[in-house]
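[1] using only what follows, build the 3D model:
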Amino acid sequence: MSPRRRRPAATGRPSTRRRTRRSGRQQRADDRLLGLLVAAVLAVALVVAVVDWLLVHWWVLAAIGVLAVLAGGVRLHRKQQQARWEAVRAQGLRYGLTQLDALHHTRFEDAVRDLMRRDGCRDAVRVGGAGDLGADVKATDPYGRRWVIQCKHRRNGLAGSAVGTPDLQVLNGTARQVHAADVAVIVTNGRVTAPAVTFAEQQRLHVVDRHTLAVWAAGSRPLWELIRAVPPPRKPTSLS
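    Below you'll find the predicted structure:
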């Protein structure tokens, strides 16, 4: 039998390499910490230097403050001027039927919203679109009444399809229950069928047909003065 080979004795080199790797990582960590400390010291020194300089040159802070006040004043003046121009534009807003007929249906909803704003409904907003649940425009009038308006635009005006009872049924089903309307209105630049008008009267809905729309859009009278049986004001105002 051949003699057994002796295993070489451990030399200790692996442990030396491990110690070397650990010391290298520790050195890098120490270097990063030292770098952070140096950066912090430099930042503090810079802040102190800036503060000392500003204390000596105090007029710089005063000048910056004056410029900030002037800039704020200019910005406020521009906002006020824009608001005044918007108010003037809204007060003079007029539409002809030919203009309304030529609009896209979404722009027709915008026009109805703008007319409500002209009449004093500052919160009037267009909400029409997919999933609007029968409400294209919502607004609160100066008397506190909540208006929900469904718009039916007909590109061909009177020659287009008539607004029928199903359209009124959608409005009747959601205006009060979903949108908490005090006044539920359907506005169209086209025709409305006789059964739809009867249904609206039975359900306390309001129909703004082409004729009423022409009077409303071309004049300065608010919509609540042009339709009958509008609920009484919710709150007293200077207009009541």
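[2] distance from the top helix by length along the chain to the middle of the chain?
    When the chain is parsed with DSSP state H, its longest helix is helix 13-56. Offset of helix 13-56 from its chain centre (CA atoms, centre = their mean, to the nearest Å): 48 Å.
[3] domain ranges for the chain?
    Dividing the chain into domains by automatic domain parsing, as the record does, gives the ranges 14-89, 95-225.
[4] please report how far the residue nearest the centre of the chain lies from residue 201.
    The centroid of the chain falls nearest to residue 125 when counting by CA atoms, centre = their mean (9.8 Å). When CB to CB, to the nearest Å is the yardstick, residue 125 and residue 201 sit 28 Å from each other. Where you see a C-beta, it was placed from the backbone N, CA and C, and this is true even at glycine.
[5] I'd say the residue nearest to the centre of the chain and residue 139 touch.
    Yes: at 7.3 Å, residue 125 counts as touching residue 139 under the criterion of CB atoms under 8 Å.
[6] intersection of neighbour lists for the two?
    Taking CB atoms under 8 Å, 6 or more residues apart in numbering as the contact rule, residue 125 and residue 139 both touch residue 113.
[7] residue ranges with poor pLDDT in the chain?
    Screening the chain residue by residue with the criterion pLDDT under 70, one finds the ranges 1-22, 77-78, 80-92, 128-132, 235-240.
[8] where along it do the helices fall?
    With DSSP H as the criterion, the chain has helices spanning 13-56, 58-91, 97-101, 105-118, 165-174, 194-202, 210-218.
[9] touching the fifth one from outside, list them.
    Read it as helix 165-174. Defining contact as CB under 8 Å, 6+ apart, one finds that helix 165-174 is touched by 133-135, 148, 150, 152, 184, 186, 193, 195-196, 199-200, 203, 205, 207.
[10] again, 6 Å this time
    Applying CB atoms under 6 Å, 6 or more residues apart in numbering, the external contacts of helix 165-174 come out as 133, 134, 150, 184, 186, 195, 196, 199, 200, 203, 205.
[11] now do that helix against helix 194-202, angle only.
    Between the axis of helix 165-174 and that of helix 194-202 there is an angle of 20 degrees, by axes from the mean of the first three to the mean of the last three CA atoms, to 10 degrees.
[12] list the contacts of residue 213.
    If a contact means CB under 6 Å, 6+ apart, then residue 213 has residue 189 as its contacts.
[13] same question but for residue 101, I mixed them up
    Counting by CB under 6 Å, 6+ apart, residue 101 makes contact with 157, 189.
[14] relative to residue 24, how far out is it?
    When distance is defined by CB to CB, residue 101 is 82 Å away from residue 24.
[15] phi and psi next, for the spatially closest residue to residue 111 that is not a sequence neighbour.
    Counting by CB to CB, 6 or more residues apart in numbering, the nearest residue to residue 111 once its immediate chain neighbours are dropped is residue 95, at 5.9 Å. Dihedral angles of residue 95 (phi, psi; degrees, to the nearest 10) stand at phi -130, psi 140.
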